[in-house]
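Novice: With the sequence up front, the predicted model follows.
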Amino acid sequence: MTFLVDLFRIVAIVVGTFFFVAGTVGLLRFPDSLTRLHALAKADNIGLGLVVLGLLPLTENVLAAFKVILIWALVLVSGGSTAQLIGRALRSGRR
Amino acid sequence: MSVLPFIDIGLSILVVTVAASTIFMQELFAAVVSYVAYGLLLAFVWIRLYAPDVALTEAAIGSGVTGVLLITAGKRLVPLSRTTTEAEPTLTLRVFAGTFAALVACALGAAILVLPDEPPSLAPEAAVAASGAGAGLGNPITAVLISYRSFDTMLEKIVLILAVVAVWSIGTDGAWGNAPAQLRQARPHPEMVFLAQVLVPIGTLIGIHIFWVGADAPGGAFQGGALLAAMWMMAMMAHLTEPPRIDVRWLRLALVAGPAVFLIVGLAGVFMAGSFFAYPPSLAKPIILFIETFMVLSIAAALPMLVAGPPNERPVP
Amino acid sequence: MNESLLGTAGLILLSVAAGLARVLSGPNDVERLMAVQLLSTGGVAALLLIAYATNVPGVDDVALGLALLTAFAAIAFVNHLEADEGGAET
């Protein structure tokens, strides 16, 4: 059982890291501002989400787990809204 | 094989590279954004040095609030640069400035290289004094700030008030008493309003939490106050609230509350505990938290006023 | 296990910091803001990993504060981006 939990933890964190690296590569290599914004948003949401998921088994009580999930929820909300705002700024600059 | 040396080297190279690029950037926005990134990386250096208090302060004030302050002030200078033309600095001035800067850098480098192996430090004395004076506090940094070095901390808050007064005095005489210009001129987008409506309440709670745990864990008045200041600025940017007129009483009371309460408690210490700024040991923790509460108020009031700037001219009817 | 968590934190931090090259090369200011956003979010992830790798108290509070400050800085900078382009459309 602990082996499964450990495996899940490692897989989640590794895939989360992959999404962060992918987000960076996307930011540097995608051809267009809007596509780069898409890469950034994915790193924000999924990358951090998987890392948080992978760290949940390590938290020692419910309060600590709640704090970690709260961090992810804050980044999710602010990342999503900021992506919308940046998208608007991009489109208004284009006109 | 430890991974720490690689992280250290990578972090050091990053910090120096980003700092260099900040200096050499030509455009305002790029330079300020680079400065914010530099502040974040520096916060990681602090974490690596096992100083989460300083890391949070660096991220909040050194990176966040200062970055916003720089971009706000910088944008205000743009119309000025279009109307005034300055003479370029002469070659002799540039050579002199460059030589002087190089000399200062060499002096700093030499000072670092001749440091003794055991750095002289007040830390052991401070720890002993803090554990005695700040009885019951689990966080030695808070104990040092509010108890061992309480006078310094109070003077720092007074410097903050002086900075606000200096910013206000930049406005024209006729504008004295008005409110500063809005942090955002146009109507805010719905996403911005949504984000502010969601984040400001949660952020206020988190700011208070970080201030409150500062007694026993990393955190404290400065970090909590900076987060609360950021939340107030966010509310102003989304037009959820307007920058107040600078002559309203609640604003002025909030600004001076921190140092005033600090000073009053310090004076009371003369009668209650025998000397200026001494706290009676049994009451140390409640007194410290009492002082810190008002300091958070002052910091949360002062920082947004610094960013908001001088009072605006009354709009022509 | 702690070593690997620390190593992962370092990896994330270094990779999102590599994205800062966008600040230098980005054709317009929005790209630069996006690079710093990525750095902040990667920073939050790295801080959480460090918090659970080293058990230094308070690092998760730093991550919490950083998450809030990312949003604050982003709003402030987008504000000024739009002021550049002559005000927001309704």
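Specialist: Structure received.

Novice: where are the low-confidence patches of chain C?
Specialist: Counting by pLDDT under 70, the low-confidence segments of chain C come to C:83-90.

Novice: Output the residue of it whose distance to chain B is smallest.
Specialist: Going by Cβ to the nearest Cβ, chain B is nearest to residue C:58 of chain C, at 2.9 Å. Placement of C-beta: from N, CA and C, glycine included.

Novice: so where does the residue nearest the centre of chain C fall, helix or strand?
Specialist: For chain C, the residue nearest the mean C-alpha position is residue C:40 (0.9 Å; Cα atoms, centre = their mean). Using DSSP states H and E, residue C:40 falls within helix C:29-54.

Novice: Grab the nearest non-local neighbour of the residue of chain C closest to chain B.
Specialist: Excluding its sequence neighbours, the residue lying closest to residue C:58 (Cβ to Cβ, 6 or more residues apart in numbering or on different chains) is residue B:218, at 2.9 Å.

Novice: Look up phi and psi at that neighbour.
Specialist: In terms of degrees, to the nearest 10, the main-chain angles of residue B:218 are phi -60, psi 130.

Novice: Contact partners for it?
Specialist: The contact partners of residue B:218, by Cβ atoms under 8 Å, 6 or more residues apart in numbering or on different chains, come to B:52, B:53, B:56, B:139, B:141, C:57, C:58, C:59, C:61, C:62.

Novice: For chain C, what is the nearest residue in chain A?
Specialist: residue A:78 (3.4 Å).

Novice: Tell me where chain B is predicted with low confidence.
Specialist: In chain B, residues with pLDDT under 70: B:1, B:81-85, B:129-136, B:314-317.

Novice: got a list of what the spatially most central residue of it touches?
Specialist: With distances taken as Cα atoms, centre = their mean, the residue of chain B nearest its centroid is residue B:61 (4.0 Å). Residues near residue B:61 by Cβ under 8 Å, 6+ apart: B:222, B:226, B:303.

Novice: Mark which of the residues you listed are part of helices, please.
Specialist: Cross-referencing the contacts of residue B:61 against helices under DSSP state H gives B:222, B:226, B:303.

Novice: Tell me the one among those nearest to chain A.
Specialist: Nearest to chain A among those: residue B:226, at 16.7 Å, using Cβ to the nearest Cβ.

Novice: any idea how far residue C:69 is from the nearest residue to the closest one once chain neighbours are set aside?
Specialist: Closest residue to residue B:226 apart from its sequence neighbours, by Cβ to Cβ, 6+ apart: residue B:60 at 3.8 Å. Plainly put, residue B:60 is 6 Å away from residue C:69 if you go by Cβ to Cβ, to the nearest Å.

Novice: For the stretch 51-200 of chain B, which residues are neighbours of chain C?
Specialist: By Cβ under 8 Å from any Cβ of the partner chain, the residues of the stretch 51-200 of chain B that approach chain C are B:52-53, B:55-56, B:59-60, B:63-64, B:67-68, B:71-72, B:75, B:183-189, B:192, B:195-196, B:199.

Novice: From those residues, which land in strands?
Specialist: If you go by DSSP state E, these have nothing in strands.

Novice: Can you say which of these are buried?
Specialist: B:52-53, B:55-56, B:59-60, B:63-64, B:67-68, B:71-72, B:75, B:183-184, B:188-189, B:192, B:195-196, B:199 (16 or more other Cβ atoms under 10 Å in any protein chain shown).

Novice: Among these, which ones are in helices?
Specialist: B:52-53, B:55-56, B:67-68, B:71-72, B:75, B:192, B:195-196, B:199.

Novice: list the contacts for residue C:12?
Specialist: Shown in contact with residue C:12 (Cβ under 8 Å, 6+ apart): A:17, A:20, A:21, A:51, C:42, C:45, C:46, C:49.

Novice: For the second one, which residues are in contact?
Specialist: Residues in contact with residue A:20 (Cβ under 8 Å, 6+ apart) are A:43, A:47, C:12, C:15, C:16, C:42, C:45.

Novice: Kindly report the same for the fourth one.
Specialist: Under the criterion of Cβ under 8 Å, 6+ apart, the neighbours of residue A:51 are A:12, A:13, A:16, A:17, C:12, C:45, C:48, C:49.

Novice: Averaged pLDDT, the helix or strand hosting it. What do you get?
Specialist: If you go by DSSP H and E, residue A:51 is part of helix A:48-55. The average pLDDT within helix A:48-55 is 92.

Novice: Alpha carbons only: can I get it in CSV?
Specialist: Provided in CSV are the C-alpha atoms of helix A:48-55 (Å, rounded to 0.1, in the frame of the first residue of the first chain):
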residue,chain,number,x,y,z
LEU,A,48,1.3,23.0,-10.0
GLY,A,49,-1.8,20.8,-9.5
LEU,A,50,0.2,17.6,-10.1
VAL,A,51,3.0,18.7,-7.8
VAL,A,52,0.4,19.6,-5.1
LEU,A,53,-1.3,16.2,-5.6
GLY,A,54,2.0,14.5,-5.3
LEU,A,55,2.8,16.3,-2.1
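
Novice: report the angle between the axes of it and helix C:29-54?
Specialist: With axes from the mean of the first three to the mean of the last three Cα atoms, to 10 degrees applied, the angle from helix A:48-55 to helix C:29-54 works out at 0 degrees.

Novice: what's the next secondary structure element after helix A:48-55?
Specialist: Where DSSP H and E defines the elements, the next helix or strand beyond helix A:48-55 is helix A:62-94.

Novice: Please spell out which residues along that following helix are buried.
Specialist: A:64-65, A:67-68, A:71-72, A:74-90, A:93.

Novice: Could I get the average pLDDT for that helix?
Specialist: 88.

Novice: Mind giving me the packing neighbours of it?
Specialist: helix A:33-42, helix A:48-55, helix B:190-213, helix C:29-54, helix C:59-84 (3 or more Cβ pairs under 8 Å, 6 or more residues apart in numbering or on different chains; DSSP states H and E).
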